[in-house]
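Trainee: Quick one: sequence plus predicted model below, questions after.
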Amino acid sequence: MIQHLRAEGDDVTGWYYNPNIYPPEEARLRWQALTQASLALGLRLLPLEPETEPADFLLALAAGGESRCRTCYQLRLEATARKAKEKGFGAFSTTLLISPHQDLEAIREIGERAGAKHGVQFRFVDLRHRHDESRGRAESLGLYRQNYCGCMFSDLERSQARASRAISRARRKPAP
């Protein structure tokens, strides 16, 4: 993502904001990976915000109206647009755009709406075709890579799927 934006002539600054991450240890691991990557890539990072709690995400979900992923996109992109305006940046984007697991059309819609609201451009680019390259780069740098989006619901789904696979394997195993 960073390399693409720089190749387009953008001066890139990173900012970490993700109120849905659970448990707190996961948030710490992700922040550490970002700071490690920023050193390797020469990326300027804004200071870490005071800790956000998953309760912020849960309260937004409880307000209703959107799916949990759209709610998460809304929280994060709205905050990023606001931060971009506050810092005098002309545009903002998100690393979500490189993931094949995300709803890019929802991200585009929400990002453009947040950008218009705050007077900054949302830089949308579909970089899913570079996902494997990005993974390889992260591995070469020894970065922590998460295996779920970060929210407690995703973690629960991942755990349930893992348990279901284990049960299926156990059922297929011949009795001694």
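Mentor: Received the coordinates, thanks.

Trainee: Now the residue sitting nearest the centre point of the chain: closest residue in space that isn't a chain neighbour?
Mentor: Centroid-nearest residue in the chain: L96, 5.1 Å away (criterion: Cα atoms, centre = their mean). The shortest distance from L96 to any residue other than its chain neighbours is 4.8 Å, reached at Q102 (Cβ to Cβ, 6 or more residues apart in numbering). For every residue, glycine as well, the C-beta is placed using N, CA and C.

Trainee: Three-state assignment for the one you found, please.
Mentor: coil (DSSP: H, G, I helix; E, B strand; the rest coil).

Trainee: what comes up buried for the helix or strand of the chain with the lowest mean pLDDT?
Mentor: The weakest-scoring helix or strand in the chain, judged by mean pLDDT, DSSP states H and E, is helix 54-62 (a mean of 80). For helix 54-62, the neighbour count (16 or more other Cβ atoms under 10 Å) marks 54, 57-58, 60-61 as buried.

Trainee: now swap in stretch 22-42 and tell me
Mentor: 22, 26-27, 30-31, 33-34, 37-38.

Trainee: again with stretch 7-22
Mentor: Counting neighbours by 16+ other Cβ under 10 Å, the buried set in stretch 7-22 is 12, 14-22.

Trainee: okay, how far is it across it, tip to tip?
Mentor: The distance separating the two terminal residues of stretch 7-22, taken as Cα to Cα, to the nearest Å, comes to 34 Å.

Trainee: Tell me how far it lies from the chain's centre.
Mentor: 9 Å (Cα atoms, centre = their mean, to the nearest Å).

Trainee: looking only at pLDDT, what's the mean for that stretch?
Mentor: For stretch 7-22, mean pLDDT is 92.
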